[in-house]
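> Predicted model and sequence follow; I will ask about them next.
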2 protein chains.
Amino acid sequence: MKNSQLYKGSLNTIILKLLEEKGRMYGYEITQKVKEITNGELAITEGALYPALHKLEAEGFLEAEVEKVDNRLRKYYKLTENGQLETANRLSELEEFIRNMQTLVHPKWSY
Amino acid sequence: MKNSQLYKGSLNTIILKLLEEKGRMYGYEITQKVKEITNGELAITEGALYPALHKLEAEGFLEAEVEKVDNRLRKYYKLTENGQLETANRLSELEEFIRNMQTLVHPKWSY
DNA sequence: CAAATATACCTAAGATTCTTATACATAAAA
DNA sequence: TTTTATGTATAAGAATCTTAGGTATATTTG
């Protein structure tokens, strides 16, 4: 996760949301997808991604399956049932967060 | 900074933006203002706020002035010239970040 | 063909940011 | 009189990320 410090804390939510959309993804694919949808602005580093995936799996939100494609290993992840619930919660938090930060940038309060 | 992990990394931007709007604020005032504009959802902890203020001051983005009000000390902060430039940059980053996260939540890409 | 780049996974040391807990002090409210 | 509100500050530890490395195969480029 490079660039602005703002992305700190959002990686898990990004992973969960992408898996909810795509159903099944592997790590490298996630980094490429994020780069694509942010027009290259957000580059997830492997040092952040893989530990995050392992932690989400250990917490029971993801389950993994290894496959060999073109003689190279891919570790596919998908949401568990708990992971789907967690994703919904994280997305609510994200929308709330965005609302709050937008109120900050475009203040409606009085002085 | 409590609640969702998403706020990690956004504290500096919040401080800078509030100071840009209000011109002059002290620490405790910032915590109350943030609570107000987020309807109590975001509570900035003192352990996060004061080190952040000191760091922004050390970096030359803020300057401080101590005043005694009702027999209690207040440390007022305001933006330096560099701080104003920095604020503009941070706000651009924030808007970009929000755009990217919204694209994530409301995807426009194809599968 | 050799070298660089892309694909694909992983970990460890250190930096940064935050939480939790604590300390000190005055004013107002219960 | 004790709690809550106001006001600043630091220190230990947790969490998240960057940086830098390691391993391996496939493809592209010079």
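Received, thanks.

> In chain A, where is pLDDT below threshold?
A:1-3, A:108-111 (pLDDT under 70).

> Point me to the residue of it nearest DNA strand D.
Nearest to DNA strand D in chain A, going by CB to the nearest atom of the strand, is residue A:47, at a distance of 1.9 Å. Where you see a C-beta, it was placed from the backbone N, CA and C, and this is true even at glycine.

> Does residue A:95 touch residue B:105 like I think?
Yes: counting by CB atoms under 8 Å, residue A:95 sits close enough to residue B:105 to count as a contact (6.6 Å).

> Provide the backbone phi and psi angles at the residue of chain A closest to DNA strand D.
The phi/psi pair for residue A:47 (degrees, to the nearest 10) reads phi -60, psi -20.

> Is the longest helix along chain A in proximity to chain B?
Identified as the longest helix of chain A according to DSSP state H is helix A:81-105. Yes: using CB under 8 Å from any CB of the partner chain, we find that helix A:81-105 touches chain B at A:91, A:93-98, A:100-105.

> separation between the residue of chain A closest to DNA strand D and residue A:64?
Distance of residue A:47 to residue A:64, computed by CB to CB, to the nearest Å: 19 Å.

> got it, and residue A:15?
Counting by CB to CB - residue A:15 and residue A:64 are separated by 13 Å.

> For these two, list the residues in contact with both.
Counting by CB atoms under 8 Å, 6 or more residues apart in numbering or on different chains, the shared contacts of residue A:15 and residue A:64 are residue A:53.

> can you map out the helices along chain A?
Under DSSP H, chain A gives helices at A:11-22, A:27-37, A:46-58, A:81-105.

> orientation of the last one relative to helix A:46-58 in degrees?
Which is helix A:81-105. 130 degrees (axes from the mean of the first three to the mean of the last three CA atoms, to 10 degrees).

> which helices and strands sit right next to helix A:81-105?
Helices and strands touching helix A:81-105, by 3 or more CB pairs under 8 Å, 6 or more residues apart in numbering or on different chains; DSSP states H and E, are helix A:11-22, helix B:11-22, helix B:27-37, helix B:81-105.

> Contacts made by that helix with the rest, please.
A:10, A:12-13, A:16-17, A:19-20, A:56, A:60-62, A:79, A:109, B:3-4, B:6-7, B:10, B:13-14, B:17-18, B:37-38, B:41-42, B:91, B:94-95, B:98, B:101-102, B:105.

> do that again at 7 Å, thanks
Contact partners of helix A:81-105, identified using CB atoms under 7 Å, 6 or more residues apart in numbering or on different chains, comprise A:12-13, A:16-17, A:20, A:60-62, A:79, B:4, B:6-7, B:10, B:14, B:17, B:37-38, B:41-42, B:91, B:94-95, B:98, B:101-102, B:105.

> next one: the first one
Contacts to helix A:11-22, defined as CB under 7 Å, 6+ apart, come from residues A:1, A:25, A:30, A:33-34, A:44, A:48, A:52-53, A:56, A:77-79, A:83, A:86-87, A:90-91, A:94, B:104-105, B:107, B:111.

> just the buried members of the residues you listed?
By neighbour count, with 16 or more other CB atoms under 10 Å in any protein chain shown, those hold A:1, A:25, A:30, A:33-34, A:44, A:52-53, A:56, A:77-79, A:83, A:86-87, A:90-91, A:94, B:104 as buried.
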